[in-house]
Each structure stands twice: as C-alpha cells, then as structure tokens.
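Undergrad: generate a structure from the sequence data that follows.
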Amino acid sequence: MPQGACRDHSALQIPCGYLHCERYFKSQAGRKKHWNASHPTFKSAPVEDEPEEPHNNFPADHDDFPTDSFDAGQALDEPDNLEMKFWGPGDKLYCNYHPKLNGRPCDAAGQFLEDGAPPMPPLSKSPDDWTPYWDRVEFETAEFLYTRNQMSAGDINVLLDLWATTLLKHNNKPPFADCHDLYKTIDSTPVGNVKWQSFQVKYTGEKPAYNVPPWMNESHDVWYRDPHEVIRNMLGNTDYAAEMDYQPYCEFLTDNDKRQWQDFMSSDWAWNQADKISNDPDTTGSTFVPVILGSDKTTVSVATGANDYYPLYVSIGNIRNNVQRAHCDAVAIIGFLAMPKTMKEHASCPKYRKYRRQLFHLSISKILDNLRPGITKPEVVRFGDRHYRHVIYGLEPYIADYEEQVLLVCIVCSWCPRCMSHHKDLDSESLHRNCDHTEALVEELSSTDLWDEYGIISDLVPFTNDFARADIHELIAPDLLHQLIKGTFKDHLVEWVGKYLHLVHGKKGAEKIQDDIDRSSGQLIIALVASFSGLRHFLQGRGFKQWTSDDSKALMKVYLPAIEGYVPTDMVCTFRAFLEFCYLVRHNIITESTLTKHIKAVKEPWRRSSRYKALGQMLVTNQRLDKLAASCIDFKSCGMLNGTCLSETLGALKRKRARTVPDLCTELAIPHLYNLLCQFLFEQVNPDDECSPSDVPLARCPQFNGKIQVFNSASSTFYAPSDRSGIGGMHWEHIRSCPLWRKEAPCYDCVFVNTDAGVEGMGGMDIARVICFFSFMFEAVLYPCAVVHWFNKVNDRPDEDTGMWIVQPSYDIAHLPSIGIVHVDSIYRTAHLIPIYGTHAIPYDLKYYDSYDAF
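TA: Next up, the predicted model:
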C-alpha cells in the first residue's frame, strides 16, 4: 500500500453531551450513532403512577424506578413499634420495617450515631493514584487483556512487542514489558485481596489389617477463601450502596393493604430470623446479613476426562434481585470441594459412601468456620454507603439441585428433602422435616427403620448442626436450571409429549408429527417462528443432541403454540401452567446468577489454564479477576473512570431513504399515506376534538409538504427486571422496521400500541406491525411517527387453552391492509407473534422471516 494511504489515528474526544452520560467519541458520526442507540429521538410517553408498565426511553435526567424490596412480617402484632414509610409514585406503597434489627449507622467503635448523621468521609486518595498501575492507560490495558479479552500469555507478548515497535522511534515503551510483568502488577493490587488457602482431608476411621483400599490412604486438598472477608467486601462495595436492604420489611399496597414480595429481605424467613436474633438485646440496631450458599458439580471437558470440579458459592440476601440478575459480582466463589474417587469394586462400599458424604459436610463447616462468631455476636462493618453498622450473620437458603439436596439433608435418594412423605407416595400429607425431629428419631429408632420408614441416613451429620439458627431442612432451595428448566421441562414435559404421540399414533406416526413440530422431514414449525429481539432462533428446529440451559429456556418460549392441535387440550394447559409458574418464580427469587457463575468462575478459568493440574491455575485466575474488579470499583468510586480512555467509533453507512412524503408513499406503496399524515396531524394539533380524524374533511386538516427523516429502527426502554436488564431493571430493545435486515430479508417487527390509556392490559392496547419509522417538524414541533399495519383481536379475551391472545391482520372493505400513522409515544414495546400453525403440512422452503406474511 502506498505510504500515506492509511488514516492517522485520531485522539479527538467528543463528549456525548447528554446529562449523566460519560461516553466520549472520536467523530461526530460516532456520537450520532450513540445518540440513536442510547438517547433516541423516539420516546414513549411516560406512564403516570404505574412504574410497572413498560414505556420507551426516559429523558436523560430520569431516575430509575424505586427498587426497594418488599418484606414479610410477623411484627404486625406490634404496630406501634413498626417504622412505616410510604414510597412509589403517589405513595401507592408502604413498608413496615423491623423495629429492632433496623440497621442503625454507628461509628468505627460501634457507638450508634444520631438519626441523619452524615457518613464517614471517603478515604483520601489522589485522583492520580492508580496504584499499582502507573496511569489509567496501564490499568485499562490490564483490564482489557485479562478480563474482557482473556488473551493468552503468548498473544500478550506478541501484542506488546508490536506496540513497542511503534514506540521505539519516540523513545517510549508500552505499559508492560511482557505477560509476566502484567501478571505481577495485577497480583500486587492492594484491594480485593482475599487469598486462597487449603487444608487436607483424609480417612481416619478403622482400616482393615490387610488389603487396605487405596481410598483410605489418599488425602484430598480443599481450596477455599475466607467467606467472612468475601462477605465484608460485598458489604463495602460502593456499587451496591443504593441497591442494598439494611433491615427486613413488609411491603403493602396503600389502597387495599395487600401484601407483595420481591427481594429476599421482604421474605417471611428474613423477618422470622430477625425476630429470633432480636431476643438478644445486644443485637438491637444491628443489620441482619443472610448468607446464601450454593454448589453444583460441573464438568469443564467431557472429551479429556477427569475434569470435574465442585465449586462452592456465596452471596448475601441484602443485595437486591436486580443486582443479582445483572451478575455484578454479587455472587463469589469461596471454595472448591474435594471429589474423592475410587475403583468400581470399592465404590459401593458403605464406609466409602459414608466417607464421601461426611467429607462434604465437614469441608463446608471448616470453610465457614470464620463466620461462626458473627452469627451469635454482632461485629462492626463498614458498608458501601460509608456508614459503619453492627452486623449479625445467619445461614440462609442453600441453592442446590436434587442430588445435592439429598446429600445436604442426609436422606435416601427419591425421598423429599422438605417433608416426611414416603418416597412411594410423595403427594400424601405429612409433617415437615426439621433437625430436632430428625435427632429424636435417630435416638429412638434403628438405622434400618430410619432408612426404610423415614429415608434418613442415621450416621451422617449435616454441616448446619455446627451453626446457630440453622436447620438444613429449612434452608434447602431449588436449583431453577436443573430442577425446573432442564428437569421439569426437558426431561419430563417434552418427553411426555413424545410418549403420548408414540402411544396414540404409533412409532411412525409419532415421528411424522414430531417432524412437523420440529424439523427433520421438512416441516418447520419451531424453525419458522419469526425472529425476535433476545430470542434464540432454532433454524433446525429442536433436533439437537445435548441441551444447554439456554436451549431449554429459549425452546420454552416457542414450544407451547407448536404442540397445540397435536396433543389434548389438558396437555396444552399443563404446559401453559408450567410456563406461567416459571415466569412467577423468576420474578421473586435469586438463583440464576449462582447457576451462571459456573462459566466465569470455573469453565473460563479452566480454558485459560494449561489443563495440567489446572486447579491451581484456576485459583490464580479467579484471584486476578477479583483484584481487577476491585480496582475498577475503587477507581470508579473516586471518580477516576469517568468517560473513556480512548474510544474507537466506526461511522455507520446509512441506507438512502425517502426524504419527502410523496417519496415515502412510493417507497411503501401506500398511495393514501399523505391523507393519513394529514389526519394524524389533525389529531395531534386538536387533541380535544371528539371527531374521528377519518371523518374530518382533508380541507380542514393541516397540510405538510416539508422534509422527513426515515429510520430503520427505534429503541424502547422499559421496566423488566431480569438477567439482561442490569441493576436498574430497565430493559432496552430494538424495534426493527428495515427493508433489508442483515442483508437477508425485510424485517418489520410488531408492537403493542396504547389505544385506550383508561383500560388496563390488552383491553387498552392493540397490536400493529411497524412498516416504517419517520419524523418531521411541523410548526416548530418534532413529530416522531410510525406507519403501522393494524391487527384485530379475534376475541375480547385470551384463548382458554393456551392463555394467549389471538390476533389477525386487519383489512378494509377493499381487502387492502388497514394502515395507520401513530405517534411513537403510544408504542409500549415489541410484540412477538407466533403463528397458529394448525396440523397441515408446511412447505419446506418457507423461511422464518416469511412467518408474519404466510399465516
């Protein structure tokens, strides 16, 4: 390439300009692209007094919805002692807070402060103190290479050599000499330094005189980090300061005093534990910190074998669900449990099986040992809001799948870990299990009777017996991924459909129908589901051998309408009830982030290791990641990470679209579009006129002949707490209206349009398909609009079987599509329509992007 053909690197930094936005850009085009994505022109009208309803983008200075949790309560018997606060738009909600464990701030010595006393001033730190890094460039280089890019040591050396080559002529050098210099710098980080420790365990029981089984002489390393220090770091995290509950509470609707729940500190369990703790007068004014535990064996490589790990995780119940779901390091790994193995001839030995089980409990008890004093006696801890508080800990739910629940509760497999129902009749009414009752049974009955009649393994002791106020039967919490999504949906309901079809239609008939539902012989029901933002698309239907959690969750969303017509209505209703339950559960509990933590804490560090004695390398990787995350929080809290270091921005090539209304009429093939625009303007300019715009003569309507700007998409932001929504619970998605999406086919999304704000739910909304987004100025007012094709509701209520609303495209008396123009403020969010396939064959060459037009 001739010299000078390459562009020079630009150091130009242009601020975004919107309030509270810290982005910087190198070009006007980059900033414009950012505006269109993050601060779009198209904004939905705010929904007054109803924060739970979705709406489009807020102004830049809009605060997030209140995320205070709801609580459960027994203290309603003492209404005079309760602290009550109203909150939410129009004071629609009120909370009753626990009167004794109320999280009162104190000083470092533990003396309580007066109400309203300011927190301790932040630790003094120079804005140029990037210790152990030289400057911001060095820190962001380390964070990018190690955390975000996860670059290998060899590639880091190559990159630094290339970097150094460009700097030699300037007598300068790159931030790090090589990968070892990078690792050494990260390791010297003074914050986030909870070191890994280990202890050895081995069998100490009676051994035979001869032919001692190898497992009796083997020792096992258990690696762990002090959970006490990990939890104190969580409490002191400034990112959580406004997203943490300091006392249990109950939340009610002001209008009818109806109770509602959301975050953990709103639970009955948290309130009841606070009642028990507050019996000790020394705990008055303390903050109750529930400790959540979770574990799950994971395999990092099936092909190479012997790569199983047993991570133990911890979190705290004070952190709200929106933070947990956003995976903001609110779940930490604190240990890798030992996994003894032996030869098959010894695997069924009772002594070996008891050793494996008790090793699990003794290891967890040892790891949690430093938490034991703080469970009965308060200690002073500095929180992220810079206040000190007395803290009292308590073991909270332990999240595990069924196999681990059996191990935790010390029961026989196939028995219930929560109740005493016989394993052959789990639906029968029975008492709940509790540790006192179990201990009484162990004292009175033989081990055989305990095994046969109660499913209890008498010679095992759960780790919770070593901790105050901990009953393992109360702490057991389900693992959503393995028990609900994979277990109930994949292993039971989907298999149930297959067995039913095989029983009714025979093997060949069942295979043909499943091909219709799936893909194999050319029928594409699941594969034909229209694309939708955030939804995985199954181009080959359901025909994959190994299901991941994402496979199961994505298939759940499209499977219900696919089976309708092939199975009885009762089976459809069963799937409907199950899906509704899944959505309800995900709104109210915090387990998903624990499950997904496997990837970042175990699988990714393993992939970065040499695979030889990988555990030690994985521990180092996790520690370095923690140090980088802690440095990021530390620098951010001091205001040192505002803006960007140097952001690269690519200008987007814009497709030429119509610039006038007549041109848009031609482009969309809608001849009467100009008349619709005039009627739209009449409605906007005369909002109080009761006449229908379609009945107003065009001569009375405002006339517009100016320029327009056409957009291929708009963005919508609405309140929807989930994994993908971040701490504020605000979900952002694209609404597409593009003549050529990803160089494949047109893409015109459907949306919910608010047509009657006085009616709740679908009664006040209609469905429409967006044909085009455009905006124009009329009499100094900007009008962002959408051309839509209306859909009609088939009934005034959802379908009785599926629980879904059924709609169909609307046409006028001339059998032409019913077209309208709506203000973007009336659009709530995207709507995903799934066809009613029926049982007829579907052409093989029909594509998913033709779905809305073909049905």
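Undergrad: rest of the way, CA atoms for contacts and neighbours
TA: Will do.
Undergrad: residue 473 reaches residue 436, doesn't it?
TA: No. Between residue 473 and residue 436 there is no contact under CA atoms under 8 Å: 10.6 Å.
Undergrad: ok, what's across the strand from residue 294?
TA: In this entry, residue 294 is beta-bridged to residue 313, residue 399, by DSSP bridges.
Undergrad: where's it relative to residue 396, distance?
TA: Between residue 294 and residue 396 the distance is 10 Å, computed by CA to CA, to the nearest Å.
Undergrad: can you check residue 665 too?
TA: Distance of residue 665 to residue 396, given as CA to CA: 63 Å.
Undergrad: those two: which is more packed in?
TA: residue 396 (26 against 15; other CA atoms under 10 Å).
Undergrad: the more buried one belongs to a strand?
TA: Yes. Under DSSP: H, G, I helix; E, B strand; the rest coil, residue 396 sits within a strand.
Undergrad: quick one: contacts for it?
TA: Shown in contact with residue 396 (CA atoms under 8 Å, 6 or more residues apart in numbering): 290-293, 317, 470, 475.
Undergrad: now, the most widely separated pair of these?
TA: The largest separation in these, counting by CA to CA, is between 317 and 470 at 15.4 Å.
Undergrad: more crowded one of those two?
TA: residue 317 (25 against 18).
Undergrad: so what's that one up against?
TA: Residue 317 neighbours (CA under 8 Å, 6+ apart): 264-265, 289-292, 396.
Undergrad: again, 6 Å this time
TA: Applying CA atoms under 6 Å, 6 or more residues apart in numbering, we find residue 317 in contact with 264, 290.
Undergrad: so which of the contacts of residue 396 sit within strands?
TA: Secondary structure from DSSP state E places 290-293 of the contacts of residue 396 in strands.
Undergrad: where along the stretch 401-550 of the chain do the helices fall?
TA: Assigned by DSSP state H, counting those that start in this stretch, the stretch 401-550 of the chain shows helices spanning 402-409, 435-444, 447-449, 472-475, 495-517, 549-563.
Undergrad: and of those helices, who's closest to residue 369?
TA: helix 472-475 (16.7 Å).
Undergrad: just the CA trace of the closest one, in CSV.
TA: These are the backbone C-alpha positions of helix 472-475, laid out as CSV (Å, rounded to 0.1, in the frame of the first residue of the first chain):
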residue,chain,number,x,y,z
ILE,A,472,-30.8,-27.6,56.8
HIS,A,473,-34.4,-28.7,56.0
GLU,A,474,-35.5,-25.0,56.1
LEU,A,475,-32.5,-23.8,54.1
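Undergrad: helix/strand/coil for residue 215?
TA: Secondary structure of residue 215, per three-state DSSP, is helix.
Undergrad: what about it, neighbour count?
TA: Residue 215 has 17 nearby residues by other CA under 10 Å.
Undergrad: again, but for residue 278
TA: 19.
Undergrad: tell me how far it lies from residue 101.
TA: Taking CA to CA as the measure, residue 278 falls 7 Å from residue 101.
Undergrad: and residue 200, that one's in a strand?
TA: Yes. Assessed by three-state DSSP, residue 200 belongs to a strand.
Undergrad: that one pairs with what?
TA: residue 221.
Undergrad: what's next to stretch 784-796, contact-wise?
TA: Stretch 784-796 is contacted by residues 42, 767-775, 806-810, 818-824 when judged by CA under 6 Å, 6+ apart.
Undergrad: which helices and strands does the helix or strand hosting residue 621 pack with?
TA: Using DSSP states H and E, the element containing residue 621 is helix 614-637. Here helix 614-637 touches no other helix or strand, going by 3 or more CA pairs under 6 Å, 6 or more residues apart in numbering; DSSP states H and E.
Undergrad: from the chain's centroid, how far away is it?
TA: 22 Å (CA atoms, centre = their mean, to the nearest Å).
Undergrad: what residues sit buried inside the helix or strand that it is followed by?
TA: Once the chain leaves helix 614-637, the next helix or strand it forms, by DSSP H and E, is helix 661-668. For helix 661-668, a neighbour-count test (16 or more other CA atoms under 10 Å) marks 661, 664 as buried.
Undergrad: count of residues packed around residue 502?
TA: For residue 502, the tally of surrounding residues (other CA under 10 Å) stands at 17.
Undergrad: residue 473 and residue 436: which has the busier surroundings?
TA: Higher neighbour count among residue 473 and residue 436: residue 473, with 22 against 10, using other CA under 10 Å.
Undergrad: how about the contacts made by the more buried one?
TA: Here residue 473 is in contact with 418, 434 (CA under 6 Å, 6+ apart).
Undergrad: please tell me how far it sits from residue 420.
TA: Taking CA to CA, one finds residue 473 at 11 Å from residue 420.
Undergrad: and if you look at residue 151?
TA: Look at residue 151 and residue 420: by CA to CA, they are 52 Å apart.
Undergrad: of those two, who's got more company?
TA: Per other CA under 10 Å, whichever of residue 151 and residue 420 has more neighbours is residue 420, with 20 against 16.
Undergrad: now that one: phi and psi?
TA: phi -100, psi 10 (degrees, to the nearest 10).
Undergrad: how far away is it from residue 398?
TA: Distance from residue 420 to residue 398, counting by CA to CA: 20 Å.
Undergrad: adding mean pLDDT and distance to residue 128, write the helices of the stretch 401-550 of the chain out as JSON lines.
TA: Below are these laid out as JSON lines (pLDDT from 0 to 100; distance: least, CA to CA, whole Å):
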{"stretch": "helix 402-409", "mean pLDDT": "90", "distance to residue 128": "49"}
{"stretch": "helix 435-444", "mean pLDDT": "90", "distance to residue 128": "56"}
{"stretch": "helix 447-449", "mean pLDDT": "91", "distance to residue 128": "67"}
{"stretch": "helix 472-475", "mean pLDDT": "90", "distance to residue 128": "47"}
{"stretch": "helix 495-517", "mean pLDDT": "83", "distance to residue 128": "61"}
{"stretch": "helix 549-563", "mean pLDDT": "67", "distance to residue 128": "43"}
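Undergrad: got CSV for the ones you listed, with distance to residue 354 too?
TA: As requested, the helices of the stretch 401-550 of the chain are exported to CSV (distance: least, CA to CA, whole Å):
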stretch, distance to residue 354
helix 402-409, 11
helix 435-444, 16
helix 447-449, 13
helix 472-475, 18
helix 495-517, 35
helix 549-563, 32
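Undergrad: go through those helices and name the closest to residue 629.
TA: The closest of these to residue 629 is helix 549-563. By CA to CA, the value is 26.4 Å.
Undergrad: ranges for the strands of the stretch 751-855 of the chain?
TA: 765-778, 781-793, 807-809, 819-823, 827-831 (DSSP state E, counting those that start in this stretch).
Undergrad: and what of the stretch 151-300 of the chain?
TA: 196-202, 219-225, 249-253, 259-260, 287-295, 298-299.
Undergrad: tell me the angle of the fifth one relative to helix 402-409?
TA: Angular relation of strand 287-295 and helix 402-409 on a 0 to 180 degree scale: 120 degrees, by axes from the mean of the first three to the mean of the last three CA atoms, to 10 degrees.
Undergrad: output the below-cut-off pLDDT ranges for the stretch 351-500 of the chain.
TA: 480-482 (pLDDT under 70).
Undergrad: correct me, but residue 746 touches residue 739?
TA: Yes. Taking CA atoms under 6 Å as the definition, residue 746 is a contact partner of residue 739 at 4.4 Å.
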